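Student: okay, structure incoming, though there's no sequence with it:
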C-alpha cells in the first residue's frame, strides 16, 4: 500500500508541476475542506516518512552548522557594492551596509559574498585568485568575514563549478575552496548552478575540523544530498505577483524533520509578495537579493516592511518553526477563505503562521485552532497571542469539549500575514516582543510604497593621481580624427538581466534609465587619438619620467619582472593597469581616456560598419584567437595594419579590451570596455558558458549583432587590485579645441 500511495503522489507531482519544481515542493491540498486535508495529510506523511527514513540527518545536529536552521534572511552581495567598501579609504564598510539593510527590511542573518562573475574570463585568473584579489588578499577577505561576524552575520563564499578553463590550481577544487574558507574563517559556501553538492565537500570540512554549511543553488534530483547540504535555494515562484493561490510545501524541510533551510529566490522579480508569503508559510528563508551582478533590483518599501515583520516573527520562534512538529495547510480557517495556515509545535507551545493569498481584499478570519492536544497545565491559563499585531486575543479560550479555540479572530490584510501563538505563560522576553510587534505593525502594509524604480546612473569622471606634466605633442602615434556625425548604436553585452530591462547595462546622458540598447545621433568634435593602444614601453617611459607609483600596487603590472618590461613585450599593449593607472598616464601626457562614443567614432565613422575595416569579419586582420587555460601574450600593437579603421586607428578589436567610460549608481560602478580580446576561457561558444562574453558572435538567448563595433562589455569596478586585468589595456585622446 505504501508503494502504491508513493507512486500515486509521484505521478501527481510530475504531471501537475514542472519536473524541476516537483522535487523542491509538495503541492498543497486541492481544496480547504477538512475531509480533503485529512486525505492529503495521510498521503503527505507517507511520502515524507518514506524519503526521510533513507536519509542520514546527523548533519542537522552538528553544533557548528545549526546556525543555518534559523538563517532566515540571506542576500547574495556583490563585494563591488559601494555600501560594502569605500574605495577612497580602502576600508570595508560593513557597518554602513548593515545599517542600510536594517533600516529597510530588518537586517540579515547570513550573507553570500560574490566577487567573480560576471567579470571572470577577462583574463585567466580563476575564481579563487579573484577572491583573494581584494585589498589585503586572503587576510583582507578574513577581515571582511570578521566584520560580518561582529554584526552577528554568518558568511558564505561562492563556488563556480563551471570555472574549469582558467588557471589550474593544481589540486581539486574542494581542497582549494575549503583552504579559502578556513583561511578567511568563513562559514560555508554556495554552489553556483549546482544541483546538490556531494559528500566529498562535507567530509573534507570534517577532516579539516572546520564543518561548513553547504548551500547548492538548486537541489532538484537527489534527496540524498540533504544529508550534506544544510541549505539550498528555492526557485518556486514565477518572479511575478502570485499566480498560484495555494502555497507550496517545502519538500526539503518536510523530509528533514523541519530542519533544512531553503531560501526562496526571486532574483528578477520586481515585487516579492508571492516569495515572501511562500517563505513565511513554510517557516523558511528568503534570499533578499538586490545587487544582481551589478544590476540593482531594489526591494520596494512595502516588500521591505513585510520582510521586516515576518522575519522578526521567524527569528523569535526560530527553534519552533525550524525543528518543531510541522503541519502545513492545517484547516483552521473557513473553506472559502484565501487565508492558509501552517502549524508548528514543540510540545509546550504552538504557533500558527498565516498568509492571505487574496491580493485585493482584507480578510477577517475566525480561527478554529486545535488547542488541547499538548500537555498544558491548565486550559484555563492558555493565552492566544496575535503575534503579528502584537496583542493578546482577549476572550479567546480553548474549549475543552471541541478541543479548539473559541472567540479567536484576527484580521489579515490583502497579500498580508498573520501569526498566533498559544502559550501558558508570557515571560518578559515574550512581552517585549509583543510590544515590538505592536509598534511595528501600527500601519498596514498597504500604506507603504510598492512602486519599483531603477537606480539612476551618471557618468563618473575618473580622476588621475597626477595631472599633466608634459605638454601635448603630436607624434607618430597621434592621429587627427576629424569631426563628424555618428549614428551611435550599441548593445550592452550582458549575459543575464533582460527581465529587468530598465535596470540592465548603462544609462547614457540622453536616457531616462539604464537599458541594453542605446541609440543616438551624436556630433563628435575633432579629436587627437592614439594610433595604437599604450604599450609596455610607453608605460615604462612614463614611470621613468614621472616617478609615479599607485597607492595600491596589488596586481599592478603583474606581468612585468622586478619593475621591468619582459623581453619581447615592449610593443605589446600594457595591461594589468586600472582605470586610475590609465587615466594618470593619459593626464601626464596632457590627454585623457576616450568616451565610448569617441572610441566608436574613431573605429566606425559615420557608415555604421561592423568592423573597423568594413562590414565583414576577417581573421587575418586581428590576432589569432585562443582559449587555453593560461592566457597567451597579446600581439604587438602594430602587428595587424590591415585592421585599421577609416581614420587609420589600429588595434581596435581582437587584441585587448580598452577602458572607456565609468557609469555609477548608488550601489555599483561599472566601466564600459570596447574592442574585445584575443583569448577567452572555453573558446568563443558563449551560449553554454558564464565567462565574460566576446563582443561578437552568438550570445546566450540566441542573439547577435553584425560585429564588435555594435557591442560593448561592462566590467564591475571595486578596488584597483581586483579591477586590474591582464585582458584590459587603453589608449588616450586629446581635445583639439583645447590644444
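Tutor: Thanks, I have it. In this text the structure is predicted, and so the values were computed from the model without any measurement. Numbers count the residues shown, from 1 in each chain.
Student: so how far is residue 598 from residue 592?
Tutor: 10 Å (Cβ to Cβ, to the nearest Å). For the C-beta atoms, the positions are set from N, CA and C on the backbone; glycine is no exception.
Student: mind listing the shared neighbours of these two?
Tutor: Overlap between the neighbourhoods of residue 592 and residue 598 consists of residue 733, taking contacts as Cβ atoms under 8 Å, 6 or more residues apart in numbering.
Student: which parts of the stretch 401-550 of the chain are helices?
Tutor: All helices of the stretch 401-550 of the chain, identified by DSSP state H, counting those that start in this stretch, fall at 428-440, 536-546.
Student: what separates the residue nearest to residue 296 when sequence neighbours are not counted from residue 503, distance-wise?
Tutor: By the measure of Cβ to Cβ, 6 or more residues apart in numbering, the closest residue to residue 296 outside its immediate chain neighbours is residue 455, 4.6 Å from it. Remark: distance between residue 455 and residue 503 (Cβ to Cβ) = 7 Å.
Student: ok, now residue 348?
Tutor: Taking Cβ to Cβ, one finds residue 348 at 48 Å from residue 503.
Student: the two: which has the busier surroundings?
Tutor: Neighbour tally, residue 348 and residue 503, criterion other Cβ atoms under 10 Å: the higher count belongs to residue 503, 25 against 14.
Student: and the residue nearest to that one when sequence neighbours are not counted, how many neighbours?
Tutor: Nearest residue to residue 503 in three dimensions, chain neighbours excluded: residue 454, at 4.4 Å (Cβ to Cβ, 6+ apart). When neighbours are counted by other Cβ under 10 Å, residue 454 registers 21.
Student: same question for residue 337.
Tutor: Neighbours around residue 337, by other Cβ under 10 Å: 20.
Student: the closest residue to residue 273 other than its chain neighbours and residue 354, how far apart?
Tutor: Nearest residue to residue 273, sequence neighbours excluded (Cβ to Cβ, 6+ apart): residue 415, at 4.6 Å. Residue 415 sits 12 Å away from residue 354, taking Cβ to Cβ as the criterion.
Student: hang on, isn't residue 24 packed against residue 237?
Tutor: No. Shown here, residue 24 and residue 237 do not form a contact pair, counting by Cβ atoms under 8 Å, at 11.1 Å.
Student: what about the two, which has more around it?
Tutor: For residue 24 versus residue 237, neighbours defined as other Cβ under 10 Å are more numerous around residue 237 (24 against 21).
Student: what residue ranges in the chain score low on pLDDT?
Tutor: Applying pLDDT under 70 to the chain flags the ranges 1-22, 239-243, 376-378, 739.
Student: pull the longest helix from it.
Tutor: When the chain is parsed with DSSP state H, its longest helix is helix 34-52.
Student: now that helix: buried residues?
Tutor: 37, 40, 41, 44, 46, 47, 48, 51 (16 or more other Cβ atoms under 10 Å).
Student: closest one of those to residue 419?
Tutor: Residue 419 lies nearest to residue 37 out of the buried residues of helix 34-52, by Cβ to Cβ, at 20.3 Å.
Student: do you know how far the residue nearest to residue 273 is from residue 73?
Tutor: 19 Å.
Student: swap in residue 601?
Tutor: 48 Å.
Student: in terms of neighbours, single out the busier of those two.
Tutor: Comparing residue 601 with residue 73 by neighbour count (other Cβ under 10 Å), the higher total belongs to residue 601, at 28 against 25.
Student: now do the strands in the stretch 251-400 of the chain.
Tutor: For the stretch 251-400 of the chain, the strands defined by DSSP state E, counting those that start in this stretch cover 261-264, 285-287, 291-292, 295-296, 325-328, 339-345, 350-356, 363-366, 383-386, 391-392, 397-398.
Student: and for the first one, what's in contact with it?
Tutor: Counting contacts by Cβ under 8 Å, 6+ apart, the residues outside strand 261-264 that touch it are 24, 68-72, 74, 215, 230-234, 236-237, 250, 252-253, 275-276, 278-279, 282, 284-287, 322.
Student: neighbouring strands - and their directions - for the following helix or strand past the longest helix of the chain?
Tutor: Moving toward the C-terminus from helix 34-52, the next helix or strand (DSSP states H and E) is strand 73-74. Strands adjacent to strand 73-74 in the sheet, as given by DSSP bridges, are strand 285-287 (parallel).
Student: can you list contacts of the partner strand?
Tutor: 71-76, 109, 231, 233, 261-267, 272, 275-276, 279, 307, 311.
Student: pull the distance from it to the chain's centre.
Tutor: Relative to the centre of its chain, strand 285-287 is centred 13 Å away, using Cα atoms, centre = their mean, to the nearest Å.
Student: need the strands of the stretch 251-400 of the chain in a markdown table with mean neighbour count and distance to residue 244, can you?
Tutor: Listed next are the strands of the stretch 251-400 of the chain as a markdown table, based on neighbours: other Cβ atoms under 10 Å; distance: least, Cβ to Cβ, whole Å:
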| stretch | mean neighbour count | distance to residue 244 |
| --- | --- | --- |
| strand 261-264 | 26 | 13 |
| strand 285-287 | 27 | 17 |
| strand 291-292 | 21 | 23 |
| strand 295-296 | 23 | 26 |
| strand 325-328 | 20 | 15 |
| strand 339-345 | 22 | 11 |
| strand 350-356 | 25 | 12 |
| strand 363-366 | 16 | 18 |
| strand 383-386 | 22 | 27 |
| strand 391-392 | 14 | 31 |
| strand 397-398 | 20 | 34 |
